[in-house]
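Enquirer: quick one, structure for this:
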Amino acid sequence: MKIRKAVITAAGYGTRFLPITRSQPKEMLPLLDKPLIHYSVEEAIKSGINQIVMVTSASKHAIEDYFKPSPDLVSFLKGKGEAELQKSMADISKMADYCYVLQKEPKGLGDAVLTVKAVVGKEPFALMLPDDIIDSAVPGLKQMLAVYEKYGCSVIAVEKVKPSDTNKYGIIRPKKLSKGVYQILEMVEKPTPSKAPSNLAIVGRYILTPRIFEILEETRPGKNDEIQLTDALNALLKYEKLYAVELKGTRYDAGTPLGWLQANVALALKSKDIGKEFKSYLKKLV
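Expert: As a prediction, the model looks like this:
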């Protein structure tokens, strides 16, 4: 079945970025001239998906406001003769069909996924964490869709990490099928290096079959009284095969201050508008 919907989770408190996230959603932090969440929406669209389901919290009105039509701004730009900018601003609200679902409490990624059950229904869907910025020639989600279309089962994005960093990620026990593609035999949440089954870490892109909802409804809360998606995926292995794909490109963990800064610098250096001047500035700075 074709993937028609992408679920983007954006309901967390963003504690790593306090105090700015007291009033500004982390997903709205700027990466050059666009907020982080905009990149996930663009990635979904470039992968052939234009139905976007966003999981938000009651305090994150800025996300919905950003993707709403802005007739006053468009009219203002038109009056100034800024035709190109006018079109790009109008296109933000038109580039996808948006739906918003409220996660009432921050009870983990598994709970966030469960909130979209009624909207997604009995369809497979993509799940995207906007913290992870994938800079690649072929959109990360599109790379995963190719694997899904071949096997017809859930697909998880992974990347190789340093063995010393396995305690920061969910780690898979892989069975290699081809270059960069694996069958998942098991997932371990944040294992110590000595207990990690590999150095292939789960990152913020998933394609999931609708059976995950049944599993999540039966998944007991784990650490911090949260419903862990990794626990549900391990349970799903009893019924379906799961696959993993190493994404070609560079991933930036923009959910941390350092990763966010790294993403800004990397994309700024590639910018046609400011890249050359910014590179010159950095050389003087360092």
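Enquirer: and after the strand or helix carrying residue 54, which helix or strand comes next?
Expert: Assigned by DSSP states H and E, residue 54 belongs to strand 51-56. Once the chain leaves strand 51-56, the next helix or strand it forms, by DSSP H and E, is helix 61-67.
Enquirer: list the contacts of that next one.
Expert: 10, 24-25, 27-28, 35, 37-38, 41, 54, 56, 92-93, 98, 100 (Cβ atoms under 8 Å, 6 or more residues apart in numbering). No exception for glycine: its C-beta is placed from N, CA and C like everyone else's.
Enquirer: filter those residues to the buried ones?
Expert: 10, 24-25, 27-28, 35, 37-38, 41, 54, 56, 92, 98, 100 (16 or more other Cβ atoms under 10 Å).
Enquirer: longest helix in this structure, by number of residues?
Expert: helix 257-270 (DSSP state H).
Enquirer: picking that back up, restricted to helices, list the contacts of helix 61-67.
Expert: 37, 38, 41, 92, 93.
Enquirer: for those residues, give me JSON lines that also has pLDDT and distance to residue 110.
Expert: Formatted as JSON lines, these follow (pLDDT from 0 to 100; distance: Cβ to Cβ, whole Å):
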{"residue": "37", "pLDDT": "98", "distance to residue 110": "20"}
{"residue": "38", "pLDDT": "98", "distance to residue 110": "26"}
{"residue": "41", "pLDDT": "98", "distance to residue 110": "23"}
{"residue": "92", "pLDDT": "95", "distance to residue 110": "30"}
{"residue": "93", "pLDDT": "94", "distance to residue 110": "31"}
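Enquirer: can you put those residues in TSV and add distance to residue 262?
Expert: As requested, these are exported to TSV (distance: Cβ to Cβ, whole Å):
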residue	distance to residue 262
37	18
38	18
41	21
92	26
93	30
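Enquirer: for these, which one is nearest residue 115?
Expert: The nearest member of those to residue 115, counting by Cβ to Cβ, is residue 37 at 17.0 Å.
Enquirer: OK, contacts around that closest one?
Expert: 8, 10, 27, 28, 54, 63, 66, 130 are the contacts of residue 37 under Cβ under 8 Å, 6+ apart.
Enquirer: again, 6 Å this time
Expert: Contacts for residue 37 (Cβ atoms under 6 Å, 6 or more residues apart in numbering) come out as 10, 27, 130.
Enquirer: export these to a markdown table and tack on pLDDT and distance to residue 185?
Expert: Output for these, formatted as a markdown table (pLDDT from 0 to 100; distance: Cβ to Cβ, whole Å):
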| residue | pLDDT | distance to residue 185 |
| --- | --- | --- |
| 10 | 96 | 31 |
| 27 | 97 | 33 |
| 130 | 97 | 29 |
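Enquirer: ok, of those residues, which one's closest to residue 270?
Expert: Out of the contacts of residue 37, the member with the shortest distance to residue 270 (by Cβ to Cβ) is residue 130, at 19.7 Å.
Enquirer: what's the burial count for that closest one?
Expert: Residues near residue 130, counting by other Cβ atoms under 10 Å, number 27.
Enquirer: repeat that for residue 247.
Expert: With other Cβ under 10 Å as criterion, residue 247 counts 22.
Enquirer: which outside residues touch the longest helix of the chain?
Expert: 31, 32, 133, 252, 253, 254, 275, 278, 279.
Enquirer: one more: stretch 111-122?
Expert: For stretch 111-122, using Cβ under 6 Å, 6+ apart, the contacting residues are 5, 7, 9, 11, 53, 55, 99, 101, 103, 210, 213, 216, 227.
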